[in-house]
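Asks: Got a predicted structure plus its sequence, pasted below:
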There are 2 protein chains.
Amino acid sequence: MSRPKIAILGAGYGGIMTAARLQKEMGTNEVEVTLVNKHDYHYQTTWLHEPAAGTMHHDKTRIMINDVIDTNKIKFVKDTVVEVKPDEKRVILSKGELVYDYLVLALGFEPATFGIKGLKENAFSIRSVNSVRKIREHIEYQFASYNNESERRDDLLTIIVGGAGFTGIEFVGELAERVPELCKEFDIPRDRVKIINVEASPTVLPGFDEELVEYAMNLLERKGVEFRTNTMIKEVTEDGVILGEDEEVKSATVVWTGGVQGNSIVANSGFETNRGRVPVRKDQRTPDYDNVFVVGDCALLINEEINRPYPPTAQVAIQAAGTVSKNLLSLVRGNELESFTPDIKGTVASLGKGEAIGKVGNKKLYGSTASAMKKIIDNRYLFMLGGPGLVWKKGKLKLF
Amino acid sequence: MSRPKIAILGAGYGGIMTAARLQKEMGTNEVEVTLVNKHDYHYQTTWLHEPAAGTMHHDKTRIMINDVIDTNKIKFVKDTVVEVKPDEKRVILSKGELVYDYLVLALGFEPATFGIKGLKENAFSIRSVNSVRKIREHIEYQFASYNNESERRDDLLTIIVGGAGFTGIEFVGELAERVPELCKEFDIPRDRVKIINVEASPTVLPGFDEELVEYAMNLLERKGVEFRTNTMIKEVTEDGVILGEDEEVKSATVVWTGGVQGNSIVANSGFETNRGRVPVRKDQRTPDYDNVFVVGDCALLINEEINRPYPPTAQVAIQAAGTVSKNLLSLVRGNELESFTPDIKGTVASLGKGEAIGKVGNKKLYGSTASAMKKIIDNRYLFMLGGPGLVWKKGKLKLF
């Protein structure tokens, strides 16, 4: 008799943690697990604002899959998912196919463009090692070009970041660190460079503690970040952005962090979705398929206390992976499935080197304490995924 | 009585060496010397192929002018020369003017395009710190873009170097060193990258020793450089190059090293020139003005032994500067001027890390010996310009 086949699509936070947990918890020859991922590495999406700005090397954010997954126990397939056929229990890959008994959809996010004209064509997004390497090199190239132009082109030195959520704020924080280095490298006076954060809401980090938000804005403004809150981006052009009231700001670099949605492969495969996210059952299964789980950014989870969705964070994805791996084995073993409720331990946003803001429980954190807490959270994930060795190799070891 | 005014235009090899020599040889209050340069730094033009490829940081090639020139003795003006009015003994700068009694034209080279269509618009050239920083960043950006494209775009990884003279050969040598690093950095298989050197002559390094040329070509071919000799570039487009016989090679990076001419300011100021170079008298003065000297790439010097011009090299410029500084003081003092004859001690071309070819006298040099000799030559110049301290700061100290 052949073993039940489990396919995990995607090796982001949700997918790789599901695989790592299964590897530990499954019995010998109990199931046959296949992990599919576009690259042979996993990366820390929540760190990508750093290599995007150029303040960290991108290799620090990535972890080879066979460093944390025993490929004798779990089969790894490096390929791109094209479509899922849930009624046929089949996955179409770009170079082949896969059949499964149980499926885990862990395909991550893509940028939500909200129909903003030209955004997809002309703005960068912080989504992968490939995309952030390109952002870093693009910015450097604009700086390198500046002193070769016969006329002063301020647009080369104007960086517009759309969106003031976590990624947007963390990214401008890193840019504020990086810009003085770039100015030195390319002989450019600092005051010629503009970092502009544009946000449609009346405030940055909407929903976050007001006092902490004020601390963050003051700090970042002192470091040279300009905030344009209450401001819509109407269009992104080849030359920059058109803001509400038809104001044009010329800029060679527009980075969009204003929103994410579930990977469109999920909706395109016929699953019921809401902005690309599947409104999962308590046990993380899709409404329509008893053998399909969703984990991470493609899952829509309602926080019943406030009747609003949980934000799609790494923290929630990692916790959900624990439930998904248990429930997969329970299904195979004929046991009852458990329900998932996120346990939000806290939220910390970095603001460049040695600075952050955060809430852990009801406690507000600032400055170097918050920054150290952020690194502890990052290291904790590495510990869960790959033990102390992985913390040593890829962790943020200088807490202060 | 006011002191005679000497103006030196340009702080390349010829200009800065003239200034450094004058500083040593002139009497107290004997003359008033002004050095004009676009930047507040001098740079080693003959090293620029290294920062262009990214194998050396550009700061290593530059030397702050006030590190080698005592600005209490010699006035430094950071400005751009617009035009010289030799009949009025006046220099028009972008932000002012300068009057002189004696003038030294040391304005360096610009790329010679030989009327090749699109070359000026679409090709890079290795001519300044600014230009090579841009080349380096441009190449990196193409590599960073490659894995973000949905279709494989080989043109992003194709680098065409036009011209197989010294700069062209030295540049492809450095590229061959750099490409494997770039491949690692951006997750690209080495065999997708092409470095193509295109040369109209039947051979690379035309005029150089045949045995050495063969050594160089074999070595560079082993490192992945493709040579297209006997091949004209007919046009440079936005997409690449059109070669003779209308063959198109798509390439995102075209670097032209195929020829240089004297700075066009010289001809535009009414001096008699031949490809931008002034056919100077034996004492380095222009044919028409007894108070105007030319040194370096703007001077055309005939080697009477073979009745052909000396190539415009750093070696010749540095030697000529010695004659020019002496002759300036002789003019002021009413003494006879001396004639200049270059003393070509040897020529070495680097072929990437630890490899070179060269001739010193009649002796042929290869491999690490030639490479060490090249570094000794480079260090010798630094010694002449700024003594042992400058060798220590900016020299190539690892000979092997």
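Replies: Nice, I can see it.

Asks: Need the three-state assignment for residue A:203.
Replies: coil (DSSP: H, G, I helix; E, B strand; the rest coil).

Asks: Residue A:289 too?
Replies: coil.

Asks: and what of residue A:365?
Replies: When the rule is three-state DSSP, residue A:365 gets the label strand.

Asks: residues contacting it?
Replies: Shown in contact with residue A:365 (Cβ atoms under 8 Å, 6 or more residues apart in numbering or on different chains): A:348, A:356-359, A:373. Bear in mind the C-beta positions are built from the backbone N, C-alpha and C, glycine included.

Asks: give me the beta-bridge partners of it?
Replies: Assessed by DSSP bridges, residue A:365 has beta-bridge partners residue A:358.

Asks: thought residue A:273 was touching residue A:280?
Replies: No: counting by Cβ atoms under 8 Å, residue A:273 does not reach residue A:280; the two are 10.6 Å apart.

Asks: Which residues are in contact with each of these two?
Replies: Residues touching both residue A:273 and residue A:280 (Cβ under 8 Å, 6+ apart) are residue A:300.

Asks: just the helices in chain A please.
Replies: Counting by DSSP state H, one finds helices in chain A at the ranges A:13-25, A:49-53, A:58-61, A:65-68, A:119-122, A:129-146, A:166-186, A:210-222, A:264-268, A:314-333, A:367-394.

Asks: do the fourth one and chain B meet at all?
Replies: So that's helix A:65-68. No: using Cβ under 8 Å from any Cβ of the partner chain, helix A:65-68 never reaches chain B; the gap is at least 14.2 Å.

Asks: Got the domain ranges for chain A?
Replies: According to automatic domain parsing, chain A comprises the domains A:5-38+A:79-111+A:260-342, A:113-258+A:345-400.

Asks: As CSV, those domains with mean pLDDT would be great.
Replies: What follows is the domains of chain A, written out as CSV (pLDDT from 0 to 100):
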stretch, mean pLDDT
domain A:5-38+A:79-111+A:260-342, 97
domain A:113-258+A:345-400, 95
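
Asks: residues from chain A in reach of chain B?
Replies: A:130-131, A:133-134, A:136-138, A:140-141, A:143-145, A:147-148, A:185-187.

Asks: Can you go through those and name the buried ones?
Replies: Listed as buried from the residues of chain A next to chain B are A:130-131, A:133-134, A:136-138, A:140-141, A:143-145, A:147, A:185-187; burial here means 16 or more other Cβ atoms under 10 Å in any protein chain shown.

Asks: ok, and the closest non-adjacent residue to residue A:229?
Replies: residue A:199 (5.0 Å; Cβ to Cβ, 6 or more residues apart in numbering or on different chains).

Asks: for residue A:166, same thing?
Replies: With Cβ to Cβ, 6+ apart, the residue lying closest to residue A:166 is residue A:349, at 5.4 Å.

Asks: so what's that neighbour up against?
Replies: Neighbour list for residue A:349: A:166, A:169-170, A:205, A:208, A:216, A:356-358, A:374 [criterion: Cβ under 8 Å, 6+ apart].

Asks: Show me what residue A:233 is bridged to.
Replies: Going by DSSP bridges, residue A:233 forms beta bridges with residue A:243.

Asks: does it really touch residue A:168, like I thought?
Replies: No: counting by Cβ under 8 Å, residue A:233 does not reach residue A:168; the two are 11.9 Å apart.

Asks: what touches both of the two?
Replies: The contact lists of residue A:233 and residue A:168 share A:162, A:258, where a contact means Cβ under 8 Å, 6+ apart.

Asks: what's near enough to touch the residue nearest to residue A:168 when sequence neighbours are not counted?
Replies: Closest residue to residue A:168 apart from its sequence neighbours, by Cβ to Cβ, 6+ apart: residue A:257 at 4.0 Å. By Cβ under 8 Å, 6+ apart, the contact set of residue A:257 is A:125-126, A:161-163, A:165, A:167-168, A:171.

Asks: Pull the most distant pair out of those residues.
Replies: A:125 and A:165 (12.8 Å; Cβ to Cβ).

Asks: The two: which is more packed in?
Replies: Legend: neighbour count by other Cβ atoms under 10 Å in any protein chain shown for residue A:125 and residue A:165, higher for residue A:125 (26 against 20).

Asks: Just give me the neighbour total for the spatially closest residue to that one that is not a sequence neighbour.
Replies: By the measure of Cβ to Cβ, 6+ apart, the closest residue to residue A:125 outside its immediate chain neighbours is residue A:111, 4.3 Å from it. When neighbours are defined as other Cβ under 10 Å, residue A:111 has 21 of them.

Asks: before we move on, what about residue A:95?
Replies: 9.
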